[in-house]
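Engineer: output the structure for:
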Amino acid sequence: MNLELLESFGTTYPDDADGFLESGSMTLTCAFNRHGSLLAAGSNDGCIVIFDIITRGIARNFQAHVHPVCSLSWSRNGFKLLSGSMDWTISVWEVLKGECLYRYRFPSPILRVQFHPILPDVFLVCPMKLRPVLLKIGGEQKHITFDEEGGEQNIFASFDRLGKRIFTGNSRGKVLVFEADTLNLLTSFQVTTGSSTTTGIKSIEFARKGSNFLVNSSDRVIRVYDGDLVKPTDGKPQQVEPVQKLQDLVNRTQWKKCCFSGDAEFICAGSSRQHDLYIWDMTHGNLVKILHGQKGEHLLDAVWHPNRPLIASVANGIISVWAQTHAENWSAYAPNFKELDENEEYEERESEFDVEDEDKSVEDAGEEMEDIAEVDVVTCEPIRAYLDSDIEEEEDVLTFIPVTPDVKDPEDGYWAMTDEELANLEKMKRDEERREKTMKEKIKIVDVPYEGHEIPDVPPEPTTKKQDIKAPKAPKTLQPKPPKEQLPPPPIEKELNIPDIDKESNIFTEDKMHCDDS
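Structural biologist: Next up, the predicted model:
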């Protein structure tokens, strides 16, 4: 309906702040579902909170991990949510019930997880300092092998838009392209700077529409490539030139997170120094907007809404929402419309609000009936804004999560529940408690082994920067000086400057002084 009109009028990128989303804990990462109606947020206490974007309220929350959640990914239909944590595990969740279906244990912390863009039971995992692995729920495990890069660490991996290929990048600036089904190496290319030196690859992001993808590297340059130009060469390297290069020439900013807009017309990049979002126009490659957050905040994550000019950024544990500011445009009304400064009494015409116009002729009524066309309100046509360019719409899709309102103080005339409904509600609560008790027993735990690495039963505490900071040195304690030799006290007469007094008066003595009471 009105969603398709957003691409035709006005600017299609956010230009101002539009509120905050607070989950009650420190948020680290967030992810939109495919339709953009729900936003999942992972926090440092292992909790996952799902927000409803329309109401800006919390639709579901559940305790997912014991350590911080570092990555989230939705399935295509939205019924499953994948979470990766620093407790060396990933979990597959059923969103409606809040149940954990599977839990996979790894020998190292998880850096990134991603569901397959089409298949609902295949996902990609990037562990820290280990090779990426392709997993199928309840099925096989496939490790991505690197013949030349056997000792390479911190490899980033991502599906392409259709999930047919897997792109990986390492700290040496090399991009390897694998076939998703067989994991055979198709081709590779090198990301180089102007001086022919390599640069590390931090992330690879694909556009939701079209064939473009971007590479965020450590040389502060965002390179945009055309995926159609990356042809399979039977594993042989090739040279691929970027279509565009985006960077901040003034401040030389390092980019924390980069993403495409829903229509792939804009690119958003978040600064790693502060809470600033840079937006570029893909058509001309120029910078169109810089969104400034509060001073002192550090950006952690940023995602663009799939089909609206809206950005959600995470900084200092709070989700900031950026959207368009809509100004009132009175010229959109009828030509004879006028704005009133104060109320005026309106004089109704004779047949203005009549159901049937008595003064209208029969011939005019016949012509009006011929102009009326039948409107089909039964057939549900798919919304083009939700569709990819060559993929049909899913029939069964989770768009919203039903929430039962909790009325604490009902007003007069509030509809009360019957005895049968109260009994059903109590039964539902008992079933919910019973389900929570047996949920841990039903979770299927699967170990993902790596050669030469052991999977601990209890994951260690996550390493933080505080451990790298040297402990402050204790202040130097002053050694007590040796006591000096005690000399006999000087005579009191000299100390008090008292003149000599006759000893026979018995007032003063040599050892101590006596005071006469009289």
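Engineer: separation between the residue nearest to Phe62 when sequence neighbours are not counted and Ile48?
Structural biologist: Here the nearest residue to Phe62 in space, its sequence neighbours aside, is Gly98; by CB to CB, 6 or more residues apart in numbering that works out to 4.4 Å. Glycine gets a C-beta too; all of them are placed from N, C-alpha and C. Counting by CB to CB, to the nearest Å, the gap from Gly98 to Ile48 is 9 Å.
Engineer: shared neighbours of those two, which are they?
Structural biologist: Between them, Gly98 and Ile48 share these contacting residues under CB atoms under 8 Å, 6 or more residues apart in numbering: Phe62.
Engineer: okay, those two: which has more neighbours?
Structural biologist: A side-by-side neighbour count of Gly98 and Ile48, using other CB atoms under 10 Å, places Ile48 first with 24 against 20.
Engineer: now the more buried one: closest residue in space, sequence neighbours ignored.
Structural biologist: The spatial neighbour of Ile48 that comes closest, neighbours along the chain excluded (CB to CB, 6+ apart), is Ala64 at 4.6 Å.
Engineer: how close does the one you found get to Ile204?
Structural biologist: 26 Å.
Engineer: burial check on the closest residue to Met282 other than its chain neighbours, number of neighbours?
Structural biologist: Here the nearest residue to Met282 in space, its sequence neighbours aside, is Glu265; by CB to CB, 6+ apart that works out to 5.4 Å. The burial count assigned to Glu265 is 17, neighbours taken as other CB under 10 Å.
Engineer: distance check, Glu265 against Ile455.
Structural biologist: Summarising the geometry, the distance separating Glu265 from Ile455, computed by CB to CB, is 44 Å.
Engineer: what of Phe156?
Structural biologist: Relative to Ile455, Phe156 is positioned 23 Å away (CB to CB).
Engineer: for Phe353, same thing?
Structural biologist: Following CB to CB, the distance that separates Phe353 from Ile455 is 75 Å.
Engineer: the more surrounded of the two?
Structural biologist: More crowded of Phe353 and Ile455, by other CB under 10 Å: Ile455, with 15 against 7.
Engineer: strands along the stretch 1-150 of the chain, start to end?
Structural biologist: Counting by DSSP state E, counting those that start in this stretch, the stretch 1-150 of the chain has strands at residues 16-21, 27-32, 38-43, 47-52, 57-63, 69-74, 80-85, 89-94, 99-105, 110-115, 122-127, 133-136, 141-143.
Engineer: buried set for the last one?
Structural biologist: Spelled out, it's strand 141-143. In terms of neighbour count (16 or more other CB atoms under 10 Å), strand 141-143 has its buried residues at Lys142.
Engineer: avg pLDDT for that strand?
Structural biologist: Per-residue pLDDT over strand 141-143 has a mean of 89.
Engineer: could you list the low-pLDDT ranges of the stretch 401-518 of the chain?
Structural biologist: Residue ranges of the stretch 401-518 of the chain with pLDDT under 70: 404-417, 435-442, 457-518.
Engineer: likewise the chain?
Structural biologist: Along the chain, the parts satisfying pLDDT under 70 run over 1-11, 147-154, 194-196, 328-333, 357-373, 381-395, 404-417, 435-442, 457-518.
Engineer: which parts of it are helices?
Structural biologist: In the chain, the helices defined using DSSP state H lie at 362-371, 419-442, 465-468, 492-496.
Engineer: give me the beta-bridge partners of Thr168?
Structural biologist: With beta bridges defined as DSSP bridges, Thr168 has these partners: Ala157, Leu176.
Engineer: for it, list the residues it contacts.
Structural biologist: If you count contacts by CB under 8 Å, 6+ apart, then Thr168 has Pro132, Ile144, Phe146, Ile155, Phe156, Ala157, Ser158, Val175, Leu176, Val177, Phe178 around it.
Engineer: nearest to Asp396, of those residues?
Structural biologist: The nearest member of the contacts of Thr168 to Asp396, counting by CB to CB, is Ser158 at 26.3 Å.
Engineer: check contacts around the closest one.
Structural biologist: With contacts defined as CB under 8 Å, 6+ apart, the neighbours of Ser158 are Gln114, Leu124, Ile166, Phe167, Thr168, Ser203, Ile204, Glu205, Phe206.
Engineer: re the thing from before, roughly how far apart are the residue nearest to Met282 and Cys30?
Structural biologist: Distance from Glu265 to Cys30, counting by CB to CB: 22 Å.
Engineer: got it, and Val122?
Structural biologist: Val122 is 23 Å from Cys30, by CB to CB.
Engineer: for Gly173, same thing?
Structural biologist: From Gly173 across to Cys30, the span is 29 Å (CB to CB).
Engineer: same question, Ile50
Structural biologist: When Ile50 is compared with Cys30 (using CB to CB), they lie 10 Å apart.
Engineer: shared neighbours of those two, which are they?
Structural biologist: Here Ile50 and Cys30 share the contacting residues Leu39, Ala40, Ala41, scored by CB under 8 Å, 6+ apart.
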